[in-house]
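# Got a predicted structure plus its sequence, pasted below:
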Amino acid sequence: MLTQPTTDKILLAIADDLNAIVLPAVDDEQAKVLLGQIDQLLRRLSRRSATEIAWMVEEIHAINETLGRESKEITNLLLADVAEQYSEVSGALGDAIDEAFANNDEAMIGKLKNLLTLRIEKEQEILGQLDLVGRG
Amino acid sequence: MQDPSVMPEKIVALLEANGASDITVSGYEPMTGGYSRLMARFEASFSIDGNQESGSYVLRGDPPEGQAIIETNRSQEFAVIQAVSPFLNTPAARFLDADGGIIGTPALIIDFTEAESTLPWIEKNGASSLPLKLAELSGAMHTIPVEKLPDVLSKPVSGDPLTDQILMWKQTAINHAEHLPIFRYVAAWLDANRPPSVPVSLVHHDFSTANMMVDGNGDLVVIDFELATIGDPREDLGYFKAYAQAAPPDLIDENPEIFLNRYREVTGFTEEQVNPVVMTYFLVLGVIGVVSQISNSGSAMARGETSSTGIAFNLDNLLFGQAAWMTATEALEKVLDGEVK
């Protein structure tokens, strides 16, 4: 398997070529809108592909630790399997949020909110600049 | 709907089916900016009910199956536009192909409005006149008598729009293709911090500059009622502010005092019922109608039931939203705790 250039770099190169070469050659307005959306998606996927498994694993451990759950070592790093575990702990986090609000447990709400804040920081890193291309 | 070589004939057939005669259709051209639906402009002349008509019209229809960003109903949209157009500056709905038997997809024809998209208009003319216009437009929309609206519009199941909306936040979190703890947090927070209630009214649910234009008089024109329901009118104000965060300017923030004073005057709401804090609360609450639709489409794509760039692109709006909602709840908490005024 050839790992270089890495997926993130290839996605970025495709986005750059679409933007610099394909887009100027397109006259159809709907196709231009679609290219604008594809460009943004590719750039986000580039940032995401470079880091998403590591980020999910890191967050799974952080959530388990805060909730006092046992955190097993994650040995299977297939994307779909890690995403499934990530969703499972996210569900547990959601349950804990409901419970903390129901009990008016401000200390716990604060701790859980910190986990969400960390998630949002990563999401914003992936998102970058949002341009609602195609809307009037 | 994208093929100008066949569409004029189909439009003629639709008009004929609605009792029109002496029909000519020309200049059919697909439009951009419809976002969730396909749109095209055309010129037509015809006779109907003994009157001769000619002008520009817009055909608005569903995209091919599996490609819709959100699923809505053209018959409902047609009924809503017909009900609200006597009260609002909005292009009239003229003809409907409810099942798509003639056009090829469920579609409606509305009048074309000679108006400019809001953002380009603001670039040329500035936004100073628009907070007042926005207050008048939203006030007019939110004071349409509920009994004049079509029965088909969904109403709060619980009897209380806030309860319904908060439940929708919870359900969206649970029904999405993966667990969404930020949605669960937002739902719990909204439940714990409810504002005083107001009477229910029409709620547009995609009330933003993207669905507005400015006509020759400098008045705002509102379009696109596909997501309308009956609910808490302040949902539209919150949604407007939420959308403006992603696509400025925020016309309410241009002059909040003028906006709020005029909006209260038109609706009769009190300062306790509508103020900057309450608008921020609804900034979060009011987006769930659109957000749940985006989530449903994204989940369908995750399950392999559908696939499109637009769906994937729209899911990114949720990332932007999650940050905005959490920031808003944090800011509101400080105000509610008396840390800031």
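Right, received. Where do you want to start?

# Please count neighbours and contacts with C-alpha atoms only from this point.
OK.

# The stretch 101-250 of chain B: helices as residue ranges?
Assigned by DSSP state H, counting those that start in this stretch, the helices in the stretch 101-250 of chain B fall at B:118-125, B:130-142, B:161-175, B:181-192, B:234-246.

# count of neighbours near the residue in the stretch 201-341 of chain B that chain A sits nearest to?
The nearest approach of the stretch 201-341 of chain B to chain A comes at residue B:210, 4.7 Å away (C-alpha to the nearest C-alpha). Residue B:210: 23 surrounding residues under other C-alpha atoms under 10 Å in any protein chain shown.

# Ok, residue B:25 next?
Residue B:25 is flanked by 20 other residues according to other C-alpha under 10 Å.

# Could you list the buried residues of the host helix or strand of it?
In the assignment (DSSP states H and E), residue B:25 maps to strand B:21-31. Counting neighbours by 16 or more other C-alpha atoms under 10 Å in any protein chain shown, one finds that the buried residues in strand B:21-31 are B:21, B:23, B:25, B:28-31.

# what lines up beside it in the sheet?
strand B:38-48 (antiparallel) (DSSP bridges).

# ok, now how distant is residue B:327 from residue B:333?
10 Å (C-alpha to C-alpha, to the nearest Å).

# Give me the outermost residue of chain A relative to its centroid.
residue A:27 (32.8 Å; C-alpha atoms, centre = their mean).

# Model confidence for that one, exactly?
On the pLDDT scale, residue A:27 is placed at 92.

# Please apply the same query to the one 3 residues further on.
In the predicted model, residue A:30 carries a pLDDT score of 85.

# Now residue 82: which helix or strand?
All of this refers to chain A. Element membership for residue A:82 (DSSP H and E) is helix A:79-102.

# switch to chain B, that's the one I care about
helix B:74-84.

# name the helices or strands packed onto that helix?
strand B:93-97, strand B:107-111 (3 or more C-alpha pairs under 8 Å, 6 or more residues apart in numbering or on different chains; DSSP states H and E).

# buried stuff in stretch B:113-129?
For stretch B:113-129, burial by neighbour count (16+ other C-alpha under 10 Å) applies to B:113, B:115-119, B:121-122, B:127.

# tally of neighbours for residue 102?
No chain in the question, so chain A it is. Residues near residue A:102, counting by other C-alpha under 10 Å: 11.

# I was after chain B.
Per other C-alpha under 10 Å, the neighbour tally for residue B:102 reads 19.

# likewise residue A:113?
Residue A:113 has 17 nearby residues by other C-alpha under 10 Å.

# Pass me the low-pLDDT residue ranges in the chain, would you?
No chain in the question, so chain A it is. A:130, A:132-136 (pLDDT under 70).

# Chain B, not that one
B:33-35, B:339-341.

# top helix in it by residue count?
The longest helix of chain B (DSSP state H) is helix B:309-336.

# buried sites along the helix or strand where residue A:58 lies?
Residue A:58 is part of helix A:29-67 when elements are defined by DSSP H and E. Buried residues in helix A:29-67, counted by 16+ other C-alpha under 10 Å: A:30, A:32-49, A:52-53, A:56-57, A:59-64, A:67.

# before we move on, what about stretch A:10-24?
Residues of stretch A:10-24 classed as buried under the neighbour-count rule (16+ other C-alpha under 10 Å) are A:11-12, A:15, A:18-19, A:23.

# near chain B, anything from that stretch?
No. Using C-alpha under 8 Å from any C-alpha of the partner chain, stretch A:10-24 stays clear of chain B, coming no nearer than 14.2 Å.

# what's the burial count for residue B:86?
A count of nearby residues for residue B:86, using other C-alpha under 10 Å, gives 11.

# Which element, helix or strand, includes it?
Per DSSP H and E, there is no helix or strand for residue B:86.

# Can you tell me what sits against the helix holding residue A:82?
With contact meaning C-alpha atoms under 8 Å, 6 or more residues apart in numbering or on different chains, helix A:79-102 is reached by A:53, A:56-57, A:59-60, A:63-64, A:67, A:76, A:106, A:108-109, A:112, B:178-182, B:184-185, B:188-189, B:192.

# on contacts alone, who are the packing partners of the next helix or strand after it?
Downstream of helix A:79-102, the first helix or strand assigned by DSSP H and E is helix A:106-127. Packing partners of helix A:106-127 (3+ C-alpha pairs under 8 Å, 6+ apart): helix A:29-67, helix A:79-102, helix B:309-336.

# so which of those gets nearest residue B:200?
Across the helices and strands packed on helix A:106-127, residue B:200 has its closest neighbour in helix B:309-336 (23.7 Å, C-alpha to C-alpha).

# tell me the contacts of the residue nearest to residue B:226 when sequence neighbours are not counted?
Nearest residue to residue B:226, sequence neighbours excluded (C-alpha to C-alpha, 6 or more residues apart in numbering or on different chains): residue B:77, at 5.0 Å. By C-alpha under 8 Å, 6+ apart, residue B:77 lies in contact with B:224-228.

# got the residues you listed as JSON lines, with distance to residue A:86 and neighbour count columns?
Converted to JSON lines, the contacts of residue B:77 look like this (distance: C-alpha to C-alpha, whole Å; neighbours: other C-alpha atoms under 10 Å in any protein chain shown):
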{"residue": "B:224", "distance to residue A:86": "38", "neighbour count": "23"}
{"residue": "B:225", "distance to residue A:86": "37", "neighbour count": "23"}
{"residue": "B:226", "distance to residue A:86": "35", "neighbour count": "22"}
{"residue": "B:227", "distance to residue A:86": "33", "neighbour count": "21"}
{"residue": "B:228", "distance to residue A:86": "35", "neighbour count": "21"}
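
# As CSV, the residues you listed with distance to residue B:166 would be great.
Below are those laid out as CSV (distance: C-alpha to C-alpha, whole Å):
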residue, distance to residue B:166
B:224, 24
B:225, 22
B:226, 21
B:227, 18
B:228, 18
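
# Next, the residue farthest from the centre of chain A: secondary structure please.
Under DSSP: H, G, I helix; E, B strand; the rest coil, residue A:27 falls in the coil class.

# Now it: phi and psi?
The phi and psi values for residue A:27, taken as degrees, to the nearest 10, are phi -100, psi -30.

# quick one: it from chain B, how far?
According to C-alpha to the nearest C-alpha, to the nearest Å, residue A:27 stands 13 Å off from chain B.

# who touches the strand holding residue B:25?
Contacting residues not belonging to strand B:21-31 are listed as B:1-2, B:4, B:7-9, B:11-12, B:15-16, B:38-48 [C-alpha under 8 Å, 6+ apart].

# Narrow the residues you listed to just the buried residues.
If you count burial by 16+ other C-alpha under 10 Å, the buried members of these come out as B:1, B:7-8, B:11-12, B:15-16, B:38-48.
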